[in-house]
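> Here is my input, please return the structure:
(one chain, ligands or ions: 2)
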Amino acid sequence: MKAAAVGLSHSPLIGKNDPAPEVLARVDAAVAHARAFIAAFDPELVVLFAPDHYNGFFYKEMPPFCLATEAHAVGDFGSSAGPLSVDGAAANAIAQGVLDRGVDLTVSARMTVDHGFAQPLEVLFDGIDRVPVIPVFVNGVATPLGPVSRIRAMGDALGRAAADLDRRVLFLGSGGLSHDPPVPVLDGAPPRVADALIEGRPPTPEQRARGEERVVQAGRDYAAGSSRMIPINPEWDNRLLDHLEKNELPAFDSWTVQWMGEQGGGSSHEVRTWIAAHAALAASGPYEMTSRFYEAVPEWIAGFGVTTSRTL
Ligand SMILES: O=C(O)/C=C/c1cccc(O)c1O
Ligand SMILES: [Fe+2]
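Ligands and ions are numbered 1, 2, ... in the order given. So this is what the prediction gives:
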């Protein structure tokens, strides 16, 4: 077996606004299973597809996706700060391989990433610098967004380029599933907010703390049912997981940006990371999903999924 994939939802509210202990225990068991799956696979390289939440990518230049040859984490919401252990040589080789296959990948030689990247590395590998990684930003928040077919094409090209390396590669998708957290929106934003979303001025510690407390409070309100955020949509989430489990990735090409937002909320587009990871896996042939966990966790503002898959 040369390739495997894991899908893992993230939430900055984990540990800050937790659900009931029995929910937590079920999530912990699913994560423990994913860790054991990864340990058995023993990846030589992890390609991590994750979104950003206006900590690294801003409207001054907002690519649909971007591969890093070097990256550091900002440490938002208490996640780890500092450099990721990026395999620069493999990153450059894969970037070239994706471009050679006709997908217009952008590249960053100094990517700034947030909890979207840091959390899965902490949860699955005990730290952000423990495993050779290639970070691939996938825009799942900042509209306008392109068609999902392009995400699939990028994942497919990346999977083929990775296969050329002849190493055991784990494709890891971080984000989703349906969720509608209070991430700012450029359209209609007051001038100060718009300026921050465009320029990316680093917040002061006080501004960051205020922003994070706002998200924690949103999680409390959501769980209490006193929120106007779009509800978590387990039916939609399971439809997504069904398509992934059945190797039905072309089915996503008919999922429009508008429909996804209506069904799964403003941050439902983070599922693009899962689609990219599974398209990369599928580039090595048919795969089987060996475990699948799902639970709606309003306290974390997340339709929370954990899956493991490997090539047959
Ligand atoms: O405000 C942010 O930076 C992120 C919020 C959030 C909340 C819940 C689930 C997620 O995937 C998020 O990104
Ligand atoms: Fe997110």
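> wait, residue 5 sits on residue 283?
No: using Cβ atoms under 8 Å, residue 5 is not in contact with residue 283; the gap is 10.8 Å. Just so you know, the C-beta spots here come from the backbone N, C-alpha and C atoms, and that holds for glycine as well.
> So between those two, which is more surrounded?
Remark: of residue 5 and residue 283, residue 5 carries more neighbours, 29 against 20, as counted by other Cβ atoms under 10 Å.
> where does that one land in three-state SS?
For residue 5, the secondary structure call by DSSP: H, G, I helix; E, B strand; the rest coil comes out as strand.
> Contact partners for it?
Counting by Cβ atoms under 8 Å, 6 or more residues apart in numbering, residue 5 makes contact with 170-173, 277-278, 280-281, 287, 307-310.
> please redo it, this time with the cut-off set to 6 Å
Contact analysis of residue 5 by Cβ atoms under 6 Å, 6 or more residues apart in numbering lists 171, 277-278, 281, 309.
> number of nearby residues for residue 150?
Residue 150 has 17 nearby residues by other Cβ under 10 Å.
> Near the nearest residue to it once chain neighbours are set aside, how many other residues are there?
Counting by Cβ to Cβ, 6 or more residues apart in numbering, residue 150 lies nearest to residue 64, which is 6.7 Å off, once chain neighbours are set aside. Residue 64 is flanked by 19 other residues according to other Cβ under 10 Å.
> does residue 64 really touch residue 146, like I thought?
Yes: Residue 64 is within contact range of residue 146, at 5.3 Å (criterion: Cβ atoms under 6 Å).
> any idea how far whichever residue of the stretch 101-250 of the chain sits closest to ligand 1 lies from residue 199?
Proximity of the stretch 101-250 of the chain to ligand 1 (Cβ to the nearest ligand atom) peaks at residue 181, 3.5 Å away. Using Cβ to Cβ, to the nearest Å, residue 181 is found at 22 Å from residue 199.
> neighbour-wise, which of those two wins?
In this view residue 181 and residue 199 are compared by other Cβ under 10 Å, and residue 181 has more residues nearby, 20 against 10.
> Look up how far residue 113 lies from the residue lying closest to that one once chain neighbours are set aside.
Using Cβ to Cβ, 6+ apart and skipping residues adjacent in sequence, the residue nearest residue 181 is residue 301, 4.6 Å away. Between residue 301 and residue 113 the computed distance is 20 Å (Cβ to Cβ).
> Likewise for residue 250?
Distance, residue 250 to residue 113, by Cβ to Cβ: 30 Å.
> Out of the contacts of residue 5, which sit inside helices?
Among those, the members found in helices (DSSP state H) are 277-278, 281.
> rewinding a little: need the contacts of residue 5 in a markdown table (columns: distance to residue 37, neighbour count and pLDDT).
A markdown table is the format used below for these (distance: Cβ to Cβ, whole Å; neighbours: other Cβ atoms under 10 Å; pLDDT from 0 to 100):
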| residue | distance to residue 37 | neighbour count | pLDDT |
| --- | --- | --- | --- |
| 171 | 13 | 33 | 98 |
| 277 | 14 | 32 | 98 |
| 278 | 15 | 29 | 98 |
| 281 | 13 | 31 | 98 |
| 309 | 9 | 24 | 98 |
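> and which of these is nearest ligand 1?
Nearest to ligand 1 among those is residue 277, at 15.7 Å by Cβ to the nearest ligand atom.
> Verify the stated contact: the closest one with residue 171.
Yes: contact status for residue 277 versus residue 171: in contact at 4.1 Å, counting by Cβ under 6 Å.
> What does the residue of the chain most remote from its centre show for phi and psi?
Computed with Cα atoms, centre = their mean, the maximum C-alpha offset from the centroid of the chain is found at residue 191, amounting to 28.7 Å. Main-chain torsions, residue 191, degrees, to the nearest 10: phi -50, psi -40.
> Mind pulling up the pLDDT for it?
Residue-level confidence at residue 191 comes out at 95, pLDDT.
> same question, residue 1
Predicted confidence (pLDDT) for residue 1: 49.
> Who are the contact partners of the residue nearest to residue 181?
Contacts of residue 301 were listed using Cβ under 6 Å, 6+ apart, and they are 179, 181, 219, 222.
> go again using 8 Å as the cut-off
11, 13, 179-181, 215, 218-219, 222, 229, 232.
> re the thing from before, so the residue farthest from the centre of the chain versus residue 198, what's the distance?
From residue 191 across to residue 198, the span is 10 Å (Cβ to Cβ).
> ok, back up a step: would you turn the contacts of residue 5 into JSON lines with distance to ligand 1?
Formatted as JSON lines, the contacts of residue 5 follow (distance: Cβ to the nearest ligand atom, whole Å):
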{"residue": "171", "distance to ligand 1": "19"}
{"residue": "277", "distance to ligand 1": "16"}
{"residue": "278", "distance to ligand 1": "18"}
{"residue": "281", "distance to ligand 1": "22"}
{"residue": "309", "distance to ligand 1": "21"}
